[in-house]
Every structure is written in C-alpha cells, then in structure tokens.
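Participant: Pasted the sequence and its predicted model underneath.
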Amino acid sequence: MTQFERLTIDDIARLAKVSRTTASMVLNGYAERYRISAATVERVLQVAKEHHFTPSQSARALRSRRSNTIGLVIPDLTNSAHAALAQSMETLCRDEYGYQLVVVTSDEDPTRETEGIAHLVSHQVDGMIVVPCTADAKRYQKWVKRLPLVFADRRVDDADIPYVVTDATETVATLIGDALTQGAREVVYFGGQPELSASRDRLAGYRQALAAHGVTEHDDWVFQRDYQRESGHALMEAWFAAHQRYPEVLFAGSITLLEGVLSFINQAHKLGQAPGRLMVFDDHQLLDCLPLSIDAIVQDSQQLAAQSLRRVLDMLEGAGKPESLQVPARIHYRRTR
C-alpha cells in the first residue's frame, strides 16, 4: 500500500465545488470555448495550484493522439559522446519544439535495446531516435509503421530507415594521413564492434589513409572488440606484452577505448611512456589536462541532434521519408604540427 496520495480531476472538482466536467474543461484550456465564468476558472486554477496538480498526460495523449514526447535510445550515458547527443537533443526538444525527451539505454545489448524501444512505444512517444547497437535490420523495421524512427550516430545499411551520422571516413583519413605525412610508418588501430556502421566507417578512413600514403597494413595493427573502457585497457596491455613497447602511432576508435588505453599506460608507466602519437575519435575537455598531447576528432553533437530530431518532426507532420545525412566533423590538434 503506497503512502503517497495521487490526486485526480475528481478531487480538484470536489475541492473547487464544481462538476468534474467543468474542472476538466478549465484545466485543459477549454474554459473560454464553453463560456465558463472567470470566477469559476480562477477557483479551479487556484485549487489545482495549491495541490500542485496537472492534468494526466496519458489522458491528453489519448484525446489528441500526441504525447509531446520523443524517445531516445542510446547505448551508454557514461559515454561522453552519447551523453552530449542526449543533452543537445533534450535542450532542442524542450526549448525549440516544446517536447519532452525520454531516454533509455541499451548497454550495447540488442535484447535490452528492443525492450527499451518497446517500452517507449508503449508509453506513446510521438517519435523515436535510436543509436543502434546491432546491424540486424529486422530488429528495427517492425517499428517504422508505428511511429517516425530515425537513426543517429550509427546507421543500419539493410534497414530502410533514415539516419544522421558523422562523416567519419574522411575525417579519420585526414587525421591518420597527417601522421603518415609527418613520417610515421606504424599506425595501430583499436576499434569497436566490426558489424557497426561507425566501426566500419572509422576503419575505412584508417585504411584509406594507409593506401593514400603507400603504407601496407600489418597483421598486428588492427584490433576490434567493442567500445568499452575495459577493451581499451585489454588491447593496450596485450599489444605491449607482445611487443615490449608502445606503437609509433595509436588511433583509438572512441573516447571510452582511449580511457582504457590511458588506464593501462598510467598503471604500467605512470604516463611516463606512451605511444609516440595518440589519436582518438571523439573529444573531451579533460584531454586538455593530460601531459600527453592527444589529437581528437570532434563530432558535431548539436547538428547530429538537430538534424535527426528535425527528421522525426517532419515525418510527424506528414512529410515523406527524409533523406539521410552525413554531418562533417573537425579535428582538434593538440600535438604541435
């Protein structure tokens, strides 16, 4: 038995000494249409204010067929890139469009992701933006008849679902190419799940740079697991154990992988030894505070959020299927060039 009391419109009507219908009309903004007196309106609103009452959002959604909520499914809120995307989207929803953003996380688990999507759909969100954690198109295709759905940050190539992603291939190729132009001849790559579009795009940029500079990829240069911090630590530990040194250049495919790499370097050598040059996809202000100069690719979280949200809202208004988009990124060079 709960100790909390949940007020209803019936309670407000009783306290204001009006009918339930009158209270409902006042609280839902229809007082003028039904010519309810100013004194009655003031009395109902005063009672509602004193008791911190607002009409049921669920009831409003049933009447209007709109809940004024947008769902966002992301893998991990501790990932600074996904947290930045969620923050940008929440601000846009609230301040620009009058929507409430509802966020669930998948933990990079397809089953949890499907459960999260189903939860949001059951709560009548008007549209949904998903950072997919799997390349299985069937997991997403079944939802497109229920509500507007857009992918952000990652895409699923076999799904006929619009997406807004970072133009990672060209940006990674530029960053890796800079190291090769300056004479590097060993560039090791740590990446995430190979089936994800983000992983494929980043690895494609890496290989594009090698090819452009006539550098042959070695068997012990490319390693892919997932984007967890623990994987970055394990990959760096294994590479160092095999070679008894750090690579000339190391590119980490995410800020979380870099965290793991740095944790090993700090644990093993207190940051006194490190790869000759460190690079990472995604950026964080804390990198400015390290004794190591780490070049980073900066995603435009604001544009990723704005463009994906705009596509969802356009579909809600009856527009056709929107075009997908690649958003440019930029490079934050910390190392003296």
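Facilitator: Happy to help now that I have it.
Participant: thought A274 was touching Y246?
Facilitator: Yes: assessed by CB atoms under 8 Å, A274 is found in contact with Y246 at 5.9 Å. Every residue, glycine included, has its C-beta placed from N, CA and C.
Participant: Now for those two: what residues contact both?
Facilitator: I265 (CB atoms under 8 Å, 6 or more residues apart in numbering).
Participant: where's the residue nearest the centre of the chain, which helix or strand?
Facilitator: Among the residues of the chain, the one closest to the centroid is H82, at 3.8 Å (CA atoms, centre = their mean). Secondary structure assigned from DSSP states H and E places H82 in helix 80-92.
Participant: Check S199 too.
Facilitator: Going by DSSP H and E, S199 is in helix 197-212.
Participant: List of residues touching that helix?
Facilitator: With CB under 8 Å, 6+ apart, helix 197-212 has contacts from 135, 153-157, 165-166, 168-177, 180, 187, 189, 191-194, 216-217, 222, 224, 251, 253, 281.
Participant: Can you flag which of the residues you listed belong to strands?
Facilitator: 165-166, 187, 189, 191, 222, 224, 251, 281 (DSSP state E).
Participant: Identify each buried residue in the helix holding H82, please.
Facilitator: Neighbour-count burial for helix 80-92 flags 80-82, 84-86, 88-90, 92 (criterion: 16 or more other CB atoms under 10 Å).
Participant: For my notes, please list those residues in JSON lines and give distance to I294 for each entry.
Facilitator: Putting the buried residues of helix 80-92 into JSON lines (distance: CB to CB, whole Å) gives the following:
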{"residue": "S80", "distance to I294": "14"}
{"residue": "A81", "distance to I294": "15"}
{"residue": "H82", "distance to I294": "20"}
{"residue": "A84", "distance to I294": "18"}
{"residue": "L85", "distance to I294": "21"}
{"residue": "A86", "distance to I294": "24"}
{"residue": "S88", "distance to I294": "23"}
{"residue": "M89", "distance to I294": "27"}
{"residue": "E90", "distance to I294": "28"}
{"residue": "L92", "distance to I294": "30"}
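Participant: Would you state the strands of the stretch 201-337 of the chain in chain order?
Facilitator: 222-224, 249-252, 277-281, 294-298, 325-327, 330-332 (DSSP state E, counting those that start in this stretch).
Participant: and the ones you listed, which is most packed in?
Facilitator: strand 249-252 (a mean of 27; mean count of other CB atoms under 10 Å).
Participant: Quick check: the two most widely separated of the ones in strands among the contacts of helix 197-212?
Facilitator: The most widely separated members of the ones in strands among the contacts of helix 197-212 are V165 and V187, with 23.6 Å between them, by CB to CB.
Participant: who's more crowded, those two?
Facilitator: Each of V165 and V187 has its neighbours counted (other CB atoms under 10 Å); V187 has more, 25 against 22.
Participant: Would you mind confirming that the residue nearest to the centre of the chain makes contact with V130?
Facilitator: No: using CB under 8 Å, H82 is not in contact with V130; the gap is 11.7 Å.
Participant: the bottom helix or strand of the chain by mean pLDDT?
Facilitator: Lowest on mean pLDDT, DSSP states H and E among the helices and strands of the chain sits helix 57-64, with a mean of 48.
Participant: could you say what helices and strands the helix or strand following that one packs with?
Facilitator: Remark: after helix 57-64, the chain's next helix or strand is strand 69-74, criterion DSSP H and E. Here strand 69-74 touches helix 80-92, strand 100-105, helix 110-122, strand 127-130, going by 3 or more CB pairs under 8 Å, 6 or more residues apart in numbering; DSSP states H and E.
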